[in-house]
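A.B. asks: one predicted model, sequence on top.
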Amino acid sequence: MKYKLYLLLCLIPVSLFSQNDLLDEIDTDSTWSNYADAAFKGLKVVNFESTKLVAKKEFTFIVSHRFGSLKNGLDNFFGLDEAVTRLNFVYGITDGLNIGFSRSSFQKIYEFSLKYSLLRQKEGGFPFTVVGFNELLVNTALDEVDLPLLEFKHRLSYVTQLLISRKFSTNLSLEIAPTFFHDNFVFIDQQDNSQFALGLGGRYKLGKRWSLNMDYGWHMNRADNSPFKNPFSIGFDLETGGHVFQMHFSNAQGMNTNTFLGQGSGDWGDGDIYFGFNLSRRF
């Protein structure tokens, strides 16, 4: 079994910036200091984190479901019998620094996260918004009966991402997400524990409250014998007052970064895709 510990939750925010209320960001650019707002309305594009942060002293609760594969049809009622659930809690310590905690039924993963603003897109100034994102994940589903040499350190995974977005117009926003993640335990012996990926995502506004979102993750050092696939996801965002409702289709059922990037098992060509949704509520 290959393992190696990395301490990645060590990046310090360079600068912290304010975020406006959701209803104040309905596809308009901020006049305050000419910063561009609302590149993305949800905290996620689809699978990947977006450059949006929760405002200071605000608490956001996100319920996420990813059902089973549609490929099996009525055998599992088009995936409804095999739902995966993730509960995510995000709090804004400042306008530019968020902490998060989540629990997913996929591999019974617990996640602790930091998300922080580094730079913001500004008219006549810096052309991109840059946000850092770090995760510490604990896979509690690994079983000592099947893995007699299992230790706690083997349950740990680490993620570091740089999220870089640009709002090109009122309708179009794009994001790129260089990603490093390290699993102390990998399911394929030939797979390096340290893995690299590049995320690409975008949002296109269809109406005042509707948008089409897509993202894709290119795993850059996947083992040659790996059965897993790069994740490609399509979704729709609907803004309804104090929350955003996201509906999506993806070939990855896991919703944590290391699972959808490293362990996506579906295939769009075979109809092996998963329907899901995220529902967020601010307090």
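C.D. replies: Alright, I've got the coordinates.

A.B. asks: make it CA atoms for all contacts and neighbour counts henceforth
C.D. replies: Will do.

A.B. asks: which stretches of this protein have low pLDDT?
C.D. replies: 1-34, 38, 73, 75-79, 81, 241-242 (pLDDT under 70).

A.B. asks: restricting to C-alpha, output stretch 267-283 in CSV.
C.D. replies: C-alpha atoms of stretch 267-283 as CSV (Å, rounded to 0.1, in the frame of the first residue of the first chain):
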residue,chain,number,x,y,z
ASP,A,267,-19.2,7.1,-19.2
TRP,A,268,-21.3,9.6,-21.2
GLY,A,269,-20.9,7.4,-24.3
ASP,A,270,-22.6,4.5,-22.6
GLY,A,271,-25.3,6.5,-21.0
ASP,A,272,-23.7,5.8,-17.6
ILE,A,273,-24.4,9.2,-16.0
TYR,A,274,-25.8,10.5,-12.7
PHE,A,275,-28.4,13.1,-12.1
GLY,A,276,-28.2,15.3,-9.0
PHE,A,277,-28.8,18.6,-7.4
ASN,A,278,-27.4,21.1,-4.9
LEU,A,279,-29.7,23.2,-2.8
SER,A,280,-28.1,26.0,-0.8
ARG,A,281,-29.7,28.1,1.9
ARG,A,282,-28.1,31.2,3.6
PHE,A,283,-28.7,32.2,7.2
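
A.B. asks: mind listing what's buried along that stretch?
C.D. replies: For stretch 267-283, burial by neighbour count (16 or more other Cα atoms under 10 Å) applies to 267-268, 272-280, 282.

A.B. asks: same thing with stretch 188-207?
C.D. replies: 188, 191-205.

A.B. asks: can you list contacts of the helix or strand containing His182?
C.D. replies: Secondary structure from DSSP states H and E places His182 in strand 172-183. With Cα atoms under 8 Å, 6 or more residues apart in numbering as the test, strand 172-183 has contacts from 3, 6, 39-40, 50, 154, 156-168, 193-205, 258.
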